[in-house]
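Participant: Generate a structure from the sequence data that follows.
(3 chains)
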Amino acid sequence: MSDLTKLNPQQRDAVETVRGPVLILAGAGTGKTRVITCRIARLLDRGVAPSHILAVTFTNKAAREMQARVRQIVRRPPATDGAGDGERPTLCTFHSLCVRILRRYADRLGYKSNFVIYDEAEQVSVIKRIVSRISGPEAKVDAVAVLAALSKLRNGGTTLAGGDDTAFVIAEHIRPRYESALHACNAMDFDDLILNVLRLFDEQPDALEACRRRYQYVMVDEYQDTNAAQFRLVHALTRTHRNLCVVGDDDQSIYGWRGAEIANLLDLEQHYPEVKVIKLEQNYRSTATILEAANALIRNNARRRPKQLWSNHGAGTLLSLEAYANEDEEARAVVDALEFDRSIRSVPWSDQAVLFRTNAQSRALETALRQSGVRYHLVGGQSFFDRREIRDFLAYLKMFVNPHDDISLLRIANVPARGLSDTTMERLLAASHERHSSVYAVMRSPDAEVGLTTRAQASLKEFVHWVETTRTSLTADPGLNLRAWAEQFLRECGYLEDVRRSEKDPEAAEGRVRNLLDLAASLEDIKSAAPPAERLERFLEELTLDREREQEEQAGDAVTLITMHSCKGLEFPHVHIVGLEEGLLPHSRSQVEGTLDEERRLFYVAITRAMRTLTLSHCGARRRHGQPMPCHPSRFLKELPAHLVEAGSSRKPVSAENARSIFAGLYASLDALE
DNA sequence: AATTGCTAAGTTTTT
DNA sequence: CTTAGCAATT
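Facilitator: Residues are numbered from 1 along each chain as shown, chains lettered A, B, ... in the order given. Here you go, the predicted structure:
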């Protein structure tokens, strides 16, 4: 029996209510993950088969954390012969759940079960191609904006307000073409994963029934982040048995711009009138002062489920609010404070975090940190997987899995240059449209009317032959070492050489080659006896669905630099929030889009990351587009009760320089005493 | 085919 | 001040 005595009464109630719909309103730092894991343990104690339990999270990180904690709490059931699938509860993200379902039923939806998943860059490239096809190459269209609009349209959100009208018009117009383009490549994007499961449930009642029978107890974490389609999925699964437990906090809904429907949480009673609502309000993270400030701020939001976080950690210190002349001075002062805390109070770097609204703001901080030699760790930024050589490599892999994936094929067809010029590719593409076939199919049997030069034909023949050979070696040997295979094709096609040649700085070139070989080496991480083609599919799937997999544990003792968005779910003893100015927070764009509430929630999330101390700062001027522009303090600062804030120079951070000289003096006088 | 130079624009981001 | 995308040039 799992131990319930360590839980507070509300937590215990949440854990013990295992049947019927439950909404757990879990404020920041109220032990949400613990409740979910205990609840799973409780279900198992009650004799529910693990296979009947499903807990859906929003991120892979959360899923992994929960898996680890469930493993800790729940001792593995005694090994039963051939228990197979049913040994552990399903703890995963929405998208990986859908992939699991879709791999099984893909044929019923007209896909092959080895479908690939397109990430954002690939979606953008599909859109660019469609747009340039229908409105000529001279049309200047923001493909990223169109993609955002398209995603909103397809997910059926209610957030039609704001955004670019032309993007929506274009998105509506190209939607059918976009969908058939992906389908023709046996590819799905992230939205498709959810939408296709919904279609499956709609068209194939037996599949829906099988899933319902399998997942009899469903939990959803970070429920305020679900979009309309995700809600429909959850509803479809639980409509009949009604064992749905959602955990979330409307005050921490900060992804509305990405289609999250806070209404899913606020209006849950519409679909589950009998829902039991449990509020978790005891915070185990922050001081009372920090919580009081957060509560006062968020009270200014109109539509929310009221709650009052409290803590018995004591008042702690007041928030400190500082004003600086510009961002460089602000960064300098923050770094001084970090150094001061470390040298005087022995605060390790890893207990400190600096939070900001936009990624661009990290620059000034990084400069100051480097000048002082402070170790730091920048979360987010552009990803490893956005680098060109990595994208090319993945396109190669996808192309080998499925050469009829036009997007991947087109990306690498002439990279490195192998005589398939733009005009040649244009002709092949045109022919593929005429024939209603893939580009690769045309490549294999180019008719005379495609109109290729003899030279192009020869290059093409060689390329097709090389692809066929490489694919054959992928299927021939069931025990194939994928790493060796990948290294071989990278060398054979001259890609590595091309990277070395195209980079001026030889060190940078070696770095990129290293990236490639590292990624190739991680092909071996797929531990499975499955045939190599299947192992490769799994590898690609994991990489697309979970881009942070590798770079997770590079911590060490370092200060964390992070955006307010990506800090959700984290906590730090000491938090510094910089750039609290009108135009940044709330962001200037939130005014026109009418999302001031969400900006306030963002600030709320940032504040509630702090365990012991919280430092806020703003500048009188900030460089924007190179030019210094005057700035005004954020309106949200006025919403913090004055008696909780210590403003100005009263607790002026002593510069490290200063501190060192003070201590040098101290030691000198001590020496003198001896 | 590749390199250079110009223009334009510049939240948040996971899956 | 950057960076990305595109055009023009060699």
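Participant: what's the helix or strand for the closest residue to DNA strand C within the stretch 151-300 of chain A?
Facilitator: Going by CB to the nearest atom of the strand, DNA strand C is nearest to residue A:170 of the stretch 151-300 of chain A, at 15.1 Å. No exception for glycine: its C-beta is placed from N, CA and C like everyone else's. Per DSSP states H and E: residue A:170 is located in helix A:165-184.
Participant: does DNA strand B sit close to that helix?
Facilitator: No: using CB under 7 Å from any atom of the strand, we find that helix A:165-184 stays clear of DNA strand B, coming within 11.8 Å at best.
Participant: any idea of the mean pLDDT in the helix of greatest length in chain A?
Facilitator: Secondary structure of chain A read by DSSP state H shows that its longest helix is helix A:454-476. Helix A:454-476 carries an average pLDDT of 90.
Participant: That one: which residues count as buried?
Facilitator: Of the residues in helix A:454-476, A:456, A:459, A:460, A:463, A:464, A:467, A:470, A:471, A:474 count as buried by neighbour count, 16 or more other CB atoms under 10 Å.
Participant: Let me know the closest of those residues to residue A:287.
Facilitator: Nearest to residue A:287 among the buried residues of helix A:454-476 is residue A:474, at 58.0 Å by CB to CB.
Participant: Surely the closest one and residue A:399 touch.
Facilitator: No: using CB atoms under 8 Å, residue A:474 is not in contact with residue A:399, being 11.5 Å away.
Participant: Which neighbouring elements make contact with the longest helix of chain A?
Facilitator: helix A:388-401, helix A:422-435, helix A:439-444, helix A:482-492, helix A:532-545 (3 or more CB pairs under 8 Å, 6 or more residues apart in numbering; DSSP states H and E).
Participant: low-scoring stretches of chain A, by residue?
Facilitator: Along chain A, segments meeting pLDDT under 70 span A:1-3, A:74-86, A:136-140, A:157-164, A:381-382, A:504-505, A:548-555, A:649-674.
Participant: again, only this time at 50
Facilitator: Applying pLDDT under 50 to chain A flags residues A:1, A:78-85, A:650-653, A:662, A:665-667, A:669-674.
Participant: ok and the residue in it nearest DNA strand C?
Facilitator: For chain A, CB to the nearest atom of the strand, closest residue to DNA strand C: residue A:626, 2.7 Å.
Participant: roughly how far apart are that residue and residue A:266?
Facilitator: 43 Å (CB to CB, to the nearest Å).
Participant: the more surrounded of those two?
Facilitator: residue A:266 (15 against 6; other CB atoms under 10 Å).
Participant: show me the contacts for residue A:452.
Facilitator: If a contact means CB atoms under 8 Å, 6 or more residues apart in numbering, then residue A:452 has A:424, A:427, A:446, A:460 as its contacts.
Participant: which parts of the helix holding residue A:170 are buried?
Facilitator: For helix A:165-184, the neighbour count (16+ other CB under 10 Å) marks A:167, A:168, A:170, A:171, A:174, A:177, A:178, A:181, A:182, A:183 as buried.
Participant: Could you do stretch A:334-350 as well?
Facilitator: Under the neighbour-count criterion of 16+ other CB under 10 Å, stretch A:334-350 has A:334, A:335, A:336, A:337, A:338, A:339, A:340, A:341, A:342, A:347, A:349, A:350 buried.
Participant: Report the angle between the helix holding residue A:170 and helix A:422-435.
Facilitator: 80 degrees (axes from the mean of the first three to the mean of the last three CA atoms, to 10 degrees).
Participant: Show me what helix A:165-184 is packed up against.
Facilitator: Helix A:165-184 packs on helix A:120-135, helix A:143-155, going by 3+ CB pairs under 8 Å, 6+ apart.
Participant: possible to save those as a markdown table with mean neighbour count and distance to DNA strand B?
Facilitator: Putting these into a markdown table (neighbours: other CB atoms under 10 Å; distance: least, CB to the nearest atom of the strand, whole Å) gives the following:
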| stretch | mean neighbour count | distance to DNA strand B |
| --- | --- | --- |
| helix A:120-135 | 18 | 5 |
| helix A:143-155 | 20 | 8 |
